[in-house]
Structure formats: structure tokens, C-alpha cells
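In: Next input, structure requested:
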Amino acid sequence: MTDVPTIPLVPGNTLITPTPEEGRALALMLARHSVHAMQKQLEVLTNGRAQYSHDPYGLIAASHVVATEFATIAAANNYWKTPSEL
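Out: Sure, this is the predicted structure:
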């Protein structure tokens, strides 16, 4: 079996992003990286997609993971507020 290539779980080793949009993209990336870190075998990962991609409960659960990642990133970025906005 082929393994998913190893990549850093936190790209650049930081959660700091210039904008909320980039923070959301980072949240999606972190969620994907987590799945790849847990399921390293590419064939198993791709074979399971057909099943879970049509499961509304699985998709809702995946969305929850992304939302949790985004909440963490937003907090790390002080919700993108400038010091004058505090």
C-alpha cells in the first residue's frame, strides 16, 4: 500500500494568518492533514471516500472539526482585531 506523504501538521508552525479568509483556509487544511495523519494508507483513505462523502452525518461531523479548527485559529489571531479595536 502507498502511504500518504508526510507533511507538517501545522504549516509554517504557526496559526497566525493575515485575514479571517486565510484562517478559514488554514482550518480546512489542518482538518485534512489530521485525517491524513490518522489514516496513512492512501488506498484505504480514497476507498472510504465513496461511503462517507454521501453520509450527511459524516459531513456534519467533518464540518464540526473544521469549525473547531477555525475557532482555535481565530483565537490565536485575537479574532483579527487591531489593538485600537479592543
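
In: Only C-alpha atoms from now on, for both contacts and neighbour counts.
Out: Will do.

In: Check the offset of stretch 66-82 from the chain's centre.
Out: With Cα atoms, centre = their mean, to the nearest Å as the basis, stretch 66-82 stands 13 Å off its chain's centre.

In: ok, residues contacting the top helix by length along the chain?
Out: When the chain is parsed with DSSP state H, its longest helix is helix 56-76. Here helix 56-76 makes contact (Cα atoms under 8 Å, 6 or more residues apart in numbering) with 15-16, 20, 23-24, 26-28, 30-31, 52-53, 80.

In: what does the lowest-mean-pLDDT helix or strand in the chain rub up against?
Out: Of all helical and strand segments in the chain, the minimum by mean pLDDT, DSSP states H and E falls on helix 42-52, at a mean of 84. For helix 42-52, the external contacting residues (Cα under 8 Å, 6+ apart) are Met1, Thr2, Asp3, Val4, His36, Gln39, Gly58, Leu59.

In: The same query, at a cut-off of 6 Å, please.
Out: Contacts made with helix 42-52 from outside it, assessed by Cα atoms under 6 Å, 6 or more residues apart in numbering, are listed as Thr2, Asp3, Val4, Gly58.

In: For the first one, which residues are in contact?
Out: When contacts are counted by Cα under 6 Å, 6+ apart, Thr2 is found next to Gln41, Leu42.

In: Quick check: it vs Leu30, distance?
Out: 21 Å (Cα to Cα, to the nearest Å).

In: coming back round to it: quick check: the two most widely separated of the contacts of helix 56-76?
Out: Tyr52 and Trp80 (33.9 Å; Cα to Cα).

In: and those two? which has more neighbours close in?
Out: Between Tyr52 and Trp80, counted using other Cα atoms under 10 Å, the more crowded position is Trp80 (17 against 13).
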